[in-house]
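A.B. asks: Sequence first, then the predicted structure:
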Amino acid sequence: MTTHFDETRSRRGKVTSHDPEALADQDGISDLAALALAKLAAGPREAELSADAMAALPNPSVSAMARLLADAESDDAEVMVDDLMNAGLTVRDLCLSYFAPAARELGRLWDCDKLPFTEVAMASARMHAILRNLPGGEAPRLTGNVQEALFVATPGETHTLGVLMAADHFRRLGWDVSALVGLDHDTLVRQILSDDRPVLGISCAGSLTMDALNRLIADVHARRPALAIVVAGAVTQDPLALAQIPFYDGVIDGLETAVSDLDAALDCAKARYQERAMSNAT
């Protein structure tokens, strides 16, 4: 069956010569259009995109993933994920190369008013559902002591997919991880204080929730001083914002280094707990 795309591609394939007379003889192209095409083909390529401009363009595969996830009427996003996994991608590869940048692209489309929030939220929930249904492909990496962490989104955050994605990633590595999103300050503080995990990861998208982040960290650190706190999200790319945070042990600025960053935070928490135990013993 010949599709409209095939027919269009076929017509494009005919325009291959830079010779004006040859172009003029091809079906569907007027003499004037042929001469214009020939001049464009022969002219200097001054308008070619610079390397910086090319780097700023979204990856076509990532853009496709973002658009498919936001399309409630299609299951092509799931089909695309299946194809990628069947081609040999790991869950980690899928998160790093497709889901994380697709989430950023969805946020960009929302900021540009090209997608409504409802579609962005639906796409984020769909991405998380796909992740949860993927098989675990990595062996647990526990080495004696249980590795535990609590991941939370700063109160007021709407970009919470990163928290859920990080929690899923570390569960696949054998960590005991819980994730809390969409909670107000008082509820979140109560949950954190009642949780005995030694590491707290807090995601913050930036300026709009910086006050909420600082308040959360100040309250939690004052009441659980041995708790290791790491900060994640767009705030990690802003040195001025980081300088305003009252206390933190480290940052996580990507899944590539997240394991070593969280391991370091866990070591820090263990050292604090040991110091407090020795202090209480004396």
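C.D. replies: Yep, it's here. Residues are numbered from 1 along each chain as shown.

A.B. asks: what about the residue positioned nearest the centre of the chain, helix or strand, and which?
C.D. replies: Geometric centre of the chain, nearest residue: Ala100, 2.3 Å, by CA atoms, centre = their mean. Using DSSP states H and E, Ala100 sits in helix 100-111.

A.B. asks: CA atoms of that helix as CSV?
C.D. replies: Output of helix 100-111 as CSV, limited to C-alpha atoms (Å, rounded to 0.1, in the frame of the first residue of the first chain):
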residue,chain,number,x,y,z
ALA,A,100,15.1,12.1,31.5
PRO,A,101,15.6,14.3,28.4
ALA,A,102,12.0,13.7,27.3
ALA,A,103,10.8,14.9,30.7
ARG,A,104,12.9,18.1,30.2
GLU,A,105,11.4,18.5,26.7
LEU,A,106,7.9,18.2,28.2
GLY,A,107,8.8,20.9,30.7
ARG,A,108,10.1,23.1,27.9
LEU,A,109,6.9,22.6,25.8
TRP,A,110,4.8,23.5,28.9
ASP,A,111,6.9,26.6,29.6
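
A.B. asks: Next secondary structure after that helix?
C.D. replies: Using DSSP H and E, the first helix or strand after helix 100-111 is helix 117-133.

A.B. asks: That following helix: how far from the chain's middle?
C.D. replies: Taking the mean of its C-alpha atoms, helix 117-133 sits 12 Å from the chain's own mean (CA atoms, centre = their mean, to the nearest Å).

A.B. asks: What is the helix or strand following that helix packed up against?
C.D. replies: Tracing the chain C-terminally past helix 117-133 and defining elements by DSSP H and E, one meets strand 148-153 next. Contact partners of strand 148-153 among helices and strands, from 3 or more CB pairs under 8 Å, 6 or more residues apart in numbering; DSSP states H and E: helix 161-172, strand 176-180, helix 185-193, strand 199-203, helix 255-281. Backbone N, C-alpha and C define where each C-beta goes, glycine included.

A.B. asks: Repeat the analysis, applying 7 Å as the threshold.
C.D. replies: Applying 3 or more CB pairs under 7 Å, 6 or more residues apart in numbering; DSSP states H and E, we find strand 148-153 packed against helix 161-172, strand 176-180, helix 185-193, strand 199-203.

A.B. asks: Excluding covalently adjacent residues, which one is nearest to Leu109?
C.D. replies: Leu115 (4.1 Å; CB to CB, 6 or more residues apart in numbering).

A.B. asks: ok, how many other residues are close to the one you found?
C.D. replies: By other CB atoms under 10 Å, the residues close to Leu115 number 20.

A.B. asks: The one 3 residues further on now?
C.D. replies: Other residues near Thr118 number 10, with proximity taken as other CB under 10 Å.

A.B. asks: likewise Gly254?
C.D. replies: Neighbourhood size, Gly254 [other CB under 10 Å]: 12.

A.B. asks: quick one: buried residues of the helix holding Ala100?
C.D. replies: Buried residues in helix 100-111, counted by 16 or more other CB atoms under 10 Å: Ala100, Pro101, Ala102, Ala103, Arg104, Glu105, Leu106, Gly107, Leu109, Trp110.
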